[in-house]
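>>> missing the sequence, but the structure's below:
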């Protein structure tokens with residue numbers, strides 16, 4: 001597993017710290033956790049090509065965690081039309097994605113599977129012979145989920 005921190009700042013970025021975003025390479029998957037503004041630039045600086053992304057995991061819908069999403073979806077559509085992307089977010093994610101499509105007047109040419117998590121039990125996002133990735137509801141004053149990776153023995 002390789003972690004690349006793309007941003008560790010909060011609502012206001014600094015000249016040295018971008019909005020929230022982490023890329024996890026866990027073969028054969030490329031997992032982006034949150035997509036704050038400037039994530040595409042950070043991917044480029046880190047040498048990670050956007051089509052490497054197979055999963056987008058959104059913890060919650062505060063702007064500093066999602067404002068990079070519309071541009072990233074457009075880039076993925078242009079670079080690899082029809083790419084399969086699994087997008088996992090808290091309750092309300094399907095509605096928010098539909099609003100983004102209206103706001104930015106584009107329909108991504110992606111095979112985008114949207115999964116909402118928000119129950120009390122862990123939702124398996126990925127489960128294979130090597131590891132499992134789970135989503136679980138957390139408390140933050142709005143719908144929010146956390147993610148846990150468990151490597152098999």
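Here it is on my side, so go on. As the structure is a prediction and not an experimental result, all values here were calculated from the model. Numbering: from 1, shown residues only.

>>> Show me the residue at the heart of the chain, geometrically.
Nearest residue to the geometric centre of the chain (Cα atoms, centre = their mean): residue 56, 2.7 Å.

>>> From residue 71, how far off is the nearest residue to residue 60 once chain neighbours are set aside?
The shortest distance from residue 60 to any non-neighbouring residue, by Cβ to Cβ, 6 or more residues apart in numbering, is to residue 144 (4.0 Å). Where C-beta positions appear, they are placed from N, C-alpha and C, glycine not excepted. Going from residue 144 to residue 71 by Cβ to Cβ, to the nearest Å gives 23 Å.

>>> who has more neighbours, those two?
A count of neighbours by other Cβ atoms under 10 Å puts residue 144 above the other of residue 144 and residue 71, at 20 against 16.

>>> ok, now which ones touch the residue nearest to residue 60?
Contacts for residue 144 (Cβ atoms under 8 Å, 6 or more residues apart in numbering) come out as 59-60, 90, 137-138.
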